[in-house]
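**Q** quick one: sequence plus predicted model below, questions after.
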Amino acid sequence: MIKKKQMRFYGIRDLSKIPQLKKIPKDDLFAIKVVSHVLPFRTNNYVVEELIDWDNIPNDPMFQLTFPQKGMIEDEHFNLMADLLKKKTSKEEIQAAVNKIRLSLNPHPAGQMTANVPVLEEDDEPVRGVQHKYRETALVFPSAGQTCHAYCTFCFRWAQFVGMTDLKFATDESSRFQKYLKQHKEISNVLFTGGDPMVMTLKKLEVFLTPFLKPEFEHIRNIRIGTKSAAYWPYKFVTDDEADGVLRLFEKLVKGGKHVAIMGHYNHWVELSTPIAREAVKRIQSTGAVIRSQSPIVKHVNDDPAIWRRMWKDQVSQGIIPYYMFVERDTGAKNYFEIPLYQAYNIFRDAYKTVSGLGRTVRGPSMSALPGKVIIEGVTEIYGEKVFILNFLQGRNPDWVKRPFFAKYDEKATWLNQLKPAFGKKEFFYKDELKKILEDRAAKDKHLFNEKEELDDEHLAAGAA
Ligand code: SF4
């Protein structure tokens, strides 16, 4: 029998209220405090009580995923912050130091701020809260869904969680984004993302989702919802007051002819192992919605093929479709979590080759970079040169998809922009076209391109970003 749990969030000011943290040495606790001044921190009582193995601290993967660690910021920054906090410096001085450190952590990677925001035909004004990077898919960022059940410090939304962005993306409940979607019949997929849209109340969810049942949205066939809720607050679907209502909403969309895909952020098989997590999965599936899983590969959490193998196997047996292994982006606590691309590929391959065909729905390791979603297909040797075989899963130009291209093998590279074309080529095949696409966009949306980040030569070096 699953008992109802009342959600309790813990933020930076609540560290002393987490009884389990009393077990850890004082210096380690102070380090958590120091780093959580810079990077986002938020967790809840379910994660603390049921997912973290407190007998395995600090190595427990859920602990690493949840609590900021000393190595996540540079020593110099850590020491500066530690001094300021020990000296009980003024709030203003601490905030100034924090801001400076945050800006050094690439808070807006891959043109997130500007490159994909569309405009409405009738007034030529941007549609805030929508990104339209690939022809058939639009991303919607509801304003009420800008927080998340987890605050992963590698998340490319971390800057938003600490209030660095003015929620430029966040759409409100106005009909602007709906108008845009009505005008663009080529869009068949809408991805609700955030943060985590499932932090929204049922009423808000209905405001965003039920309009898609109207005939003018017939072209929107698939509704995806990116969420950590099934992993970090499964009670949302089981015992919370609105649980049944949320399920009825999914059911209504499915009965109305929509494919509802819950894009579950699962980083480790532990998140699927509790009775409540399993029950949440079953209840979501009972509505006709499908759960697909995605996760970045990150050091200290899941940089081991055995973890992925078990996670994919457990997912398949629970009816979840393994979907993506991502490479975490060049932002936030990247230095702490990053692993070289060749290693990510080896881990993917070692896990992939041991799961059955049902688990081989997963794609990866994949980088969501400025030109598109680029996957590492393999490592091989061609005419004596060792190379990475790369491929676009999605491209700003759909014609780039499934055109293999080659980069020099490099054991240090951790992101696409560090790779160089193989076979003596100067640029990757898409570079000129990408530049033109971005320039056209900049000409059209001058008011959006005031940061020049995407057109920067350095950014486009080697055709990647
Ligand atoms: S669960 Fe996903 S969206 Fe939420 S913070 Fe982590 S990576 Fe970001």
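**A** That came through fine. Residues are numbered from 1 along each chain as shown.

**Q** just checking, residue 394 is part of a helix?
**A** No: applying DSSP: H, G, I helix; E, B strand; the rest coil, one finds residue 394 to be strand, outside a helix.

**Q** tell me the contacts of it?
**A** 133-134, 137, 372-373, 401 (CB atoms under 8 Å, 6 or more residues apart in numbering). Where you see a C-beta, it was placed from the backbone N, CA and C, and this is true even at glycine.

**Q** same check, this time on residue 134
**A** Here residue 134 is in contact with 372, 394-396, 398 (CB under 8 Å, 6+ apart).

**Q** relative to the ligand, how far out is it?
**A** Distance of residue 134 to the ligand, given as CB to the nearest ligand atom, to the nearest Å: 19 Å.

**Q** which one of the contacts of residue 134 sits closest to the ligand?
**A** The ligand lies nearest to residue 394 out of the contacts of residue 134, by CB to the nearest ligand atom, at 18.7 Å.

**Q** tell me where the stretch 301-450 of the chain has helices.
**A** 305-317, 334-337, 341-352, 431-444 (DSSP state H, counting those that start in this stretch).

**Q** if we can go back for a sec, could you pick out the one among the contacts of residue 394 with the lowest pLDDT?
**A** Among the contacts of residue 394, residue 133 has the lowest pLDDT, at 79.

**Q** run a quick neighbour tally on that residue.
**A** 21 (other CB atoms under 10 Å).

**Q** isn't there a strand covering it?
**A** Yes: Residue 133 forms part of a strand when assessed by three-state DSSP.

**Q** how about the residues of this protein that lie near the ligand?
**A** 148, 150-152, 155, 157, 196, 228, 265 (CB under 6 Å from any ligand atom).

**Q** sorry, back to before: out of the helices of the stretch 301-450 of the chain, flag the one nearest residue 88.
**A** helix 334-337 (27.5 Å; CB to CB).

**Q** contacts for the closest one, please.
**A** Contacts for helix 334-337 (CB under 8 Å, 6+ apart): 69, 71-72, 74, 105-106, 153-154, 296, 298-301, 328, 414.

**Q** which residues touch residue 241?
**A** If you count contacts by CB under 8 Å, 6+ apart, residue 241 has none.

**Q** one step back: now, which of the contacts of helix 334-337 sits nearest residue 84?
**A** Proximity to residue 84 was ranked across the contacts of helix 334-337 by CB to CB; first place goes to residue 74, at 15.1 Å.

**Q** could I get the pLDDT score of that closest one?
**A** Looking at residue 74, its pLDDT is 92.

**Q** neighbours of it, how many?
**A** 13.

**Q** one more: residue 188?
**A** When neighbours are counted by other CB under 10 Å, residue 188 registers 16.

**Q** list the contacts for it?
**A** Neighbour list for residue 188: 136-137, 219-222 [criterion: CB under 8 Å, 6+ apart].

**Q** give me the buried subset of these.
**A** 137, 220 (16 or more other CB atoms under 10 Å).

**Q** may I ask which two of the contacts of residue 188 are separated the most?
**A** Among the contacts of residue 188, 137 and 219 lie farthest apart (CB to CB), at 12.3 Å.

**Q** overlap in contacts of the two?
**A** In the contact map built from CB under 8 Å, 6+ apart, the residues linked to both residue 137 and residue 219 are 187-188.

**Q** pick out whichever of the residues of the chain next to the ligand sits closest to residue 30.
**A** Residue 30 has its nearest neighbour among the residues of the chain next to the ligand in residue 151, at 19.5 Å by CB to CB.

**Q** isn't that closest one right next to residue 36, touching?
**A** No: if you go by CB atoms under 8 Å, residue 151 and residue 36 don't touch, sitting 9.2 Å apart.

**Q** which residues are in contact with residue 55?
**A** Neighbours of residue 55 in contact, by CB under 8 Å, 6+ apart: none.

**Q** from residue 23, how far off is it?
**A** Applying CB to CB, to the nearest Å, the value for residue 55 to residue 23 is 9 Å.

**Q** count of neighbours near the closest residue to residue 6 other than its chain neighbours?
**A** Leaving aside its sequence neighbours, residue 6 sits nearest to residue 45 (CB to CB, 6 or more residues apart in numbering; 7.9 Å). Applying other CB under 10 Å, we find 15 residues neighbouring residue 45.

**Q** measure residue 45 to the ligand for me?
**A** Distance, residue 45 to the ligand, by CB to the nearest ligand atom: 17 Å.

**Q** what's the answer for residue 58, then?
**A** For residue 58 relative to the ligand (CB to the nearest ligand atom), the value is 19 Å.

**Q** please apply the same query to residue 95.
**A** Counting by CB to the nearest ligand atom, the gap from residue 95 to the ligand is 23 Å.

**Q** now for that residue: which residues touch it?
**A** If a contact means CB under 8 Å, 6+ apart, then residue 95 has no contacts.

**Q** quick one, grab the pLDDT at it.
**A** 90.

**Q** in three-state terms, label it for me.
**A** Of the three states, residue 95 takes helix according to three-state DSSP.

**Q** low-confidence ranges in the stretch 301-450 of the chain?
**A** 444-450 (pLDDT under 70).

**Q** could I get the contacting residues of residue 287?
**A** 247-248, 250-251, 254, 260.

**Q** count of neighbours near the residue in the stretch 351-465 of the chain positioned nearest to the ligand?
**A** Among all residues of the stretch 351-465 of the chain, residue 368 sits closest to the ligand, at 11.8 Å; criterion: CB to the nearest ligand atom. Using other CB under 10 Å, the number of residues around residue 368 comes to 21.
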